[in-house]
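Colleague: pasted the sequence and its predicted model underneath.
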Amino acid sequence: MAVAGMDEEKLRSAFLEEAEDLYGKLGESLLSLEQNGGGRELLNETFRLIHSLKSESALMGFAKLSELAHAMEDVFGLARDGRVPLDRQVMDIMFAGADLIGEMMGAVSRGESDEGVRTEEVVRRLARVPQQGAPEGAPGGSPERVPVRESPQTPADGGLPVLDEFEKRQLEEALDRGEGLYRLAIRVDEGEPMKFPRVFLVFNALEEEANVVKAVPPMDGEPLEDALYGETVLYLTTGGSEAAVTQAACVDQVTVLSIERLDYRAVLEGPPARGGGPDAALAGAPGEAGAGAQPSAEGQQKRAGAEKTSIRVDTRKLDDLWRLIAELVTRKSRVARLSEKMTRGGDVHEASEELAETFDALDKIAGGMQQTMVDTRMIPIAIIFSKFPRLVRDLSRKLGKSIELSIRGEETEIDRGIVEALSDPLTHIIRNSIDHGIESPEERLRRGKPARGRVSIEARQQGGNIVIEIADDGRGIDVARIREKAVAEGIEGAAAMGDAALLELVFRPGFSTREVVTDLSGRGVGMDVVATRVRGELKGDVVLATENGRGTRVTLLLPLTLTIINALLVRGDSQLCAIPLTDVDSTVKVLNTEIRADDGREAWVYRNEEIPLHRLGALFGRGRRRAEEHFAVILRHGDRKGCLIVDELIEEQEIVIKPVDDLLNHRRLFSGVSLLEDGRLVFILDASFIRREDF
Amino acid sequence: MGAKILIVDDLSFMRMIQKEILSQRGYVVVGEASNGLEAVEKYRSLRPDLVLLDITMPQMNGLEAMRKIFSIDPQARVIMCSALGQQNLIVEAIRAGVKDFIVKPFKPERMLSAIEKALK
């Protein structure tokens, strides 16, 4: 690997984390470039992104990846200078290039090399872009210009730096001033946890003696992964002596590995060029541009499955944690002192008071740490949403539909653990909206709608839930047709079902075959999979609402976090049960006289409201207790309420959710189990049962 | 007599540890402060040779205190104490002219060698 003396695995994951970030932003930039045309700022930003991708992959020795990025950078450079237009054809090549970058990063994250991905075609077409932009008559017979590629740079090999125009000009000026040019390699001690700032100390100290022209890894802009700065090479010019430079670089925890004087001419001329290969010169016919350029979200999707072992955490959250740990250490030593005091026969009363106080403090600290860790698990949902503009663009182009996508609430934070599981269902729902929901422009106009369809995605936090809504103004779902279909399939009670129950059928596995779905105005392909994922794995819920001819709205309700929840402990018969507070509307006393029984179903009638009633003991399959009045919990799930009679309301507690065994959960009543501090097992009630027909 | 040092940290146990290490090495801890405001005050009145300055503190944080101290004495020798992950703050402090930084949790030798170099 390129950087000597460094853990390859660590380096790779550091690279990937950074590069994925850049890659994501690149995708966004390309989309807005295409939509809004190339504003100067946007072009600069895109140029910078692809430039960073190029430099980083070169540093890692991914020659193919950096070659492609370089070819794209060249074209953006020309576009920035107004020398080539970013027309649709060029943008298509760019999108194709971005897809390939995604594929190569996928390969790298799987531990493979970037070499397996076929980039030649796109690189060749990128190289031809300058000719396309040139004035007519100019190109034709002129020989193909093969762009010069950088060889991968490494700080350790003593190679020459690759300079951009600005850096070259700085060198020329320094040469005119008669300064010397040096290459200074430094190493930061392994034990230094913040390497970049330490190198920055050197950089800062050198500025008094010299002019640092270039640093590898770079020192300007956002620093790269900190570990990369363990060994850093600085190219600098100075009128002073070598010794003065070394002296200035003498910072604690930093060793000067080497300092050598370089020849200006060699550096200005750059490192030996590597050609694009003989086939790069043999360009195909210009007309083929569209063929292999079909941009797709596939490249992104291929990457999505890649393993991610390192995560990015807001540094403020780490600071909080650090402060809490420091507090913890203080309190711990206090406990130690107390226990010593007591063994020595100190005043027990005094000590126990102090102990109680310390315990309170520890309790607060533990609470704080728990909260901070929970916070650490939260990331903005933008990480999922950011791929949708591309998905919508690709699909609408493919299907010849015109669609306006609006995204809101990207900053809503979700648990890291659900990102992966959530991504597929959301993609699926959006796909359905575009594929089957939104009509063709002609059909829309015929129906008196604007030709351009709308799809909106919105996320927000609502109480203890994350709500995600995907809505479209397409043709909606014809509920009457679902009823027909359900009756035809012999589903019990279908004829009498209300709209909500009928729509719920769409989530039923096997109910909608593909042909039925198109029939049903296009919904339901794989909706059973969506429902299984959301209700099962994610412990959430999904609700469909539709208006025939006007559009469909899919609402996902997800718990804020999957691991620790606040719950109300209750007892039904002798069994303990925990109800997540997010599902609790209130607790009440229910009198026998307020219970109405009708056809085996009970309801609590209170203030003109009739709430379906369930008995916890009965849910556990036990007998009914006789009493005049009962404790009850009013459950709320989505828009539904349910009244749950319990024998005892115990207390509120924080519990850690563990998965529940299927054997114990054959009625799918529970979302998990938890062990209490005293070792007792409680089932965590899944309040969504109140929506189900079988209860 | 050893160099005069001002310790600034909101956690008393952290100050205690630092003081212990410094005194053992013969430095004189001329004062302690538990927030930025106090730190500036004490710098003004005590004129220490060096300040160990924590970044995260209530009332006035270390960065602000650092700026105030530099405005009182541009030659002030300041070493920032930071938690892991405060990279940007450290870089900002270096730009403003601090001599060095140490990252918590630090080893005594690390703190002492930083101080030694900064006092040179």
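Modeller: Here it is on my side, so go on.
Colleague: and the nearest residue to B:Ser12 once chain neighbours are set aside, backbone torsions?
Modeller: Leaving aside its sequence neighbours, B:Ser12 sits nearest to B:Ser34 (C-beta to C-beta, 6 or more residues apart in numbering or on different chains; 7.2 Å). For every residue, glycine as well, the C-beta is placed using N, CA and C. As for B:Ser34, its main-chain torsions (degrees, to the nearest 10) stand at phi -110, psi 0.
Colleague: burial measure for B:Ser34, as a count.
Modeller: For B:Ser34, the neighbour count with other C-beta atoms under 10 Å in any protein chain shown is 19.
Colleague: does A:Ile655 touch A:Val682 like I think?
Modeller: Yes. In this structure, A:Ile655 is within contact of A:Val682 by C-beta atoms under 8 Å, at 7.2 Å.
Colleague: for the residue nearest to B:Ser12, list the residues it contacts.
Modeller: Applying C-beta atoms under 8 Å, 6 or more residues apart in numbering or on different chains to B:Ser34 gives the contacts B:Val8, B:Asp9, B:Asp10, B:Ser12, B:Arg15, B:Met57.
Colleague: on the pLDDT front, check the fourth one for me.
Modeller: Pointing back at B:Ser12 there. Per-residue pLDDT puts B:Ser12 at 80.
Colleague: distance of it from A:Ala361?
Modeller: 14 Å (C-beta to C-beta, to the nearest Å).
Colleague: buried residues, the least confident helix or strand in chain B by mean pLDDT. List them.
Modeller: Among the helices and strands of chain B, helix B:12-24 carries the lowest confidence by mean pLDDT, DSSP states H and E, at a mean of 85. For helix B:12-24, the neighbour count (16 or more other C-beta atoms under 10 Å in any protein chain shown) marks B:Met14, B:Arg15, B:Ile17, B:Gln18, B:Lys19, B:Ile21, B:Leu22 as buried.
Colleague: what's the closest of the residues you listed to chain A?
Modeller: B:Met14 (6.7 Å; C-beta to the nearest C-beta).
Colleague: pretty sure the closest one is touching A:Ala326, no?
Modeller: Yes. Under the criterion of C-beta under 8 Å, B:Met14 makes contact with A:Ala326 at 6.7 Å.
Colleague: what do the two both touch?
Modeller: Residues within reach of B:Met14 and of A:Ala326 at once, by C-beta under 8 Å, 6+ apart, are B:Lys104.
Colleague: where does the residue of chain B found nearest chain A land in three-state SS?
Modeller: Proximity of chain B to chain A (C-beta to the nearest C-beta) peaks at B:Gly85, 3.7 Å away. Under DSSP: H, G, I helix; E, B strand; the rest coil, B:Gly85 falls in the coil class.
Colleague: for it, the count of nearby residues, please.
Modeller: B:Gly85: 21 neighbours (other C-beta under 10 Å).
Colleague: in this structure it contacts A:Arg323, no?
Modeller: No. The criterion here is C-beta under 8 Å, and B:Gly85 misses it with A:Arg323 at 11.9 Å.
Colleague: contacts only, for B:Gly36.
Modeller: B:Gly36 makes contact with B:Val8, B:Met57, B:Gln59, B:Met60, B:Asn61, B:Gly62, B:Glu64, B:Ala65, B:Lys68, according to C-beta under 8 Å, 6+ apart.
Colleague: and the pLDDT at it?
Modeller: With respect to pLDDT, B:Gly36 scores 92.
Colleague: next one: A:Glu489
Modeller: Confidence score, pLDDT, at A:Glu489: 80.
Colleague: in the stretch 501-650 of chain A, where is pLDDT below threshold?
Modeller: Residue ranges of the stretch 501-650 of chain A with pLDDT under 70: A:510-525, A:561-564, A:623-625.
Colleague: go ahead and flag the most central residue of chain B.
Modeller: Central residue of chain B (C-alpha atoms, centre = their mean): B:Leu52, 1.3 Å from the mean position.
Colleague: and that one, helix, strand or coil?
Modeller: Assigned with three-state DSSP, B:Leu52 falls in the strand class.
Colleague: that one: what's it in contact with?
Modeller: B:Leu52 touches B:Ile5, B:Leu6, B:Ile7, B:Val8, B:Asp9, B:Gln18, B:Ile79, B:Cys81, B:Met111, B:Ile115, counting by C-beta under 8 Å, 6+ apart.
Colleague: my read: the second one touches B:Glu41, true?
Modeller: If I follow you right, that is B:Leu6. No. In this structure, B:Leu6 is not within contact of B:Glu41 by C-beta under 8 Å, at 10.4 Å.
Colleague: more neighbours, these two?
Modeller: Legend: neighbour count by other C-beta under 10 Å for B:Leu6 and B:Glu41, higher for B:Leu6 (24 against 15).
Colleague: am I right that that one sits in a strand?
Modeller: Yes. Assessed by three-state DSSP, B:Leu6 belongs to a strand.
Colleague: name the nearest residue to it, ignoring sequence neighbours.
Modeller: In this structure, B:Leu6 finds its nearest non-sequential neighbour in B:Pro48, 4.0 Å apart by C-beta to C-beta, 6+ apart.
Colleague: for that neighbour, pull up the helix or strand it's in.
Modeller: Under DSSP states H and E, no helix or strand contains B:Pro48.
Colleague: next one: it from A:Val542, what distance?
Modeller: B:Pro48 sits 64 Å away from A:Val542 when distances are taken as C-beta to C-beta.
Colleague: now do the phi/psi pair for the residue of chain A positioned farthest from its centre.
Modeller: No residue in chain A sits farther from the centre than A:Gly345, which is 57.3 Å out by C-alpha atoms, centre = their mean. The phi/psi pair for A:Gly345 (degrees, to the nearest 10) reads phi 90, psi 30.
Colleague: now it: how far from chain B?
Modeller: Between A:Gly345 and chain B the computed distance is 26 Å (C-beta to the nearest C-beta, to the nearest Å).
Colleague: A:Arg40 now?
Modeller: Distance, A:Arg40 to chain B, by C-beta to the nearest C-beta: 28 Å.
Colleague: residues from chain B in reach of chain A?
Modeller: Applying C-beta under 8 Å from any C-beta of the partner chain, we find that chain B lies next to chain A at B:11-14, B:56, B:82-88, B:90-91, B:94-95, B:100-101, B:103-104, B:110, B:113-114, B:117.
Colleague: buried ones among those?
Modeller: Counted by 16+ other C-beta under 10 Å, those give B:11, B:14, B:56, B:82-87, B:90-91, B:94, B:100-101, B:103-104, B:110, B:114 as buried.
Colleague: quick one: the strands in chain B, in order.
Modeller: B:4-8, B:28-33, B:50-54, B:78-83, B:100-104 (DSSP state E).
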